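>>> Take this sequence and fold it.
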Amino acid sequence: MEFGYSIGYWRQGPPPKALETIQAAERLGFDSVWTAEAYGSDAFTPLAWWGAGTSSIRLATGIAQLSARTPAATAMQAMTLDHLSGGRVILGVGASGPQVVEGWYGQPYPRPLARTREYVAILRAVMARQAPVTAPGPQLPLPLAGEGTTGLGKPLLSTLHPSREHIPIHLAAEGPKNTALAAEIADGWLPFLLSPALDGEARSNLAEGFAQRDAALPGPEAFEVSLPVPVVVDDDVERAADQVRPMIALYVGGMGAKGQNFHLDAVARLGYEAECEVIQERYLAGDKAGAIAAVPTRLVEEIGLVGPLAKLRDDLQRWESTVVTRMLVQGDVAALEAVAELRS
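Residues are numbered from 1 along each chain as shown. Below is the predicted model:
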């Protein structure tokens, strides 16, 4: 199993000493650094800025949101960054949820799986640069024609030649159908809030997608699964878990709407349906402290690595036999150093 560093997105400003932390991850042997975006800081700019201060660590979006850019614009950014970095890009993309897609980006959300399939096909066509790009739609037709257009659009070939024949595309997914889609059309899967307890379900969903996989893509043996895992080293397990509870409460309680929250659904599949209901009810009522307090320690331990180093070593072993091929550490330099020590 490889290890990467997940820096995510930020609110008030860039994380303190972000570049120094990424450089430490590179020195410690972490193979990749992953950024994210929602409705604030974007995923690509930090990679370009910080990537200039590194030499070998792979630069990955985890994730770039599909509705934030047209597929051609996303491909342009990925290809440009791949040139500037010497071929280090991993392009992680995801559909997000209706609240963000329609509320922030002003794009329609229905049929996200079909839209994702069209989007990835256009990404591959642009980045392959084999012919002028066309797409039948119906959601993302190229060229755009019909009512409301000039009728002058024509298929175009990227003026930028790719630095590599194949930039890997990883697909974020939490539900069974989207996970299968990742195995069918992508080079990797980016799960979230996953536990080793669901490894059997994950393997089954991936197998369904692999059965439909395009023979032109690298085989399933090259498929990567990169999972963000919060890591907190502390002799007091409860104190360590307290640092992770707010994140879980936010995603389970505050991301999405009542009745449509993919993160809540993912945690509920772990057997925490009742706890999820309480967390969401309190969060949506404005009681964030109560929502955080309702996150069980055992849930934190299922999806994260928290506690003293000896415990982390034992807990890490649970992941070794799962589908996860890369653990993305969420934490500070101490967490990176601890994981590096556990690997040695």
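>>> can you pull the alpha-carbon coordinates of stretch 108-128 into CSV?
C-alpha atoms of stretch 108-128 as CSV (Å, rounded to 0.1, in the frame of the first residue of the first chain):
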residue,chain,number,x,y,z
PRO,A,108,-28.4,20.9,-13.2
TYR,A,109,-27.8,17.9,-11.1
PRO,A,110,-30.1,15.1,-12.4
ARG,A,111,-28.6,12.0,-13.9
PRO,A,112,-25.1,12.5,-12.3
LEU,A,113,-23.9,9.0,-13.4
ALA,A,114,-24.7,9.7,-17.1
ARG,A,115,-23.2,13.2,-16.8
THR,A,116,-20.0,11.7,-15.3
ARG,A,117,-19.7,9.1,-18.1
GLU,A,118,-20.0,11.8,-20.7
TYR,A,119,-17.6,14.1,-18.9
VAL,A,120,-14.8,11.5,-18.5
ALA,A,121,-15.2,10.5,-22.2
ILE,A,122,-14.6,14.1,-23.2
LEU,A,123,-11.6,14.4,-20.8
ARG,A,124,-10.0,11.4,-22.5
ALA,A,125,-10.7,12.6,-26.0
VAL,A,126,-9.2,16.1,-25.3
MET,A,127,-6.1,14.7,-23.5
ALA,A,128,-5.5,11.9,-26.1
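>>> what does that stretch contact?
With contacts defined as CB atoms under 8 Å, 6 or more residues apart in numbering, stretch 108-128 is touched by 66, 71-72, 74-76, 78-79, 91, 93, 95, 97-98, 101-102, 131, 133-135, 137, 139-140, 142, 158, 162, 165-167, 169, 171, 177-178, 181, 185-186. Yep, even glycine has a C-beta here, placed from its N, CA and C like the rest.
>>> cutoff 6 Å now
With contacts defined as CB atoms under 6 Å, 6 or more residues apart in numbering, stretch 108-128 is touched by 66, 71-72, 75, 79, 95, 98, 101-102, 133, 135, 139-140, 158, 162, 167, 181, 185.
>>> same deal with stretch 256-271?
Against stretch 256-271 from outside (CB under 6 Å, 6+ apart): 97, 174, 193, 195, 251-252, 255, 276.
>>> rerun at 7 Å
Residues external to stretch 256-271 that are found in contact with it (CB atoms under 7 Å, 6 or more residues apart in numbering): 97-99, 174-175, 192-193, 195, 197-198, 251-252, 255, 276, 280, 284, 299, 302.
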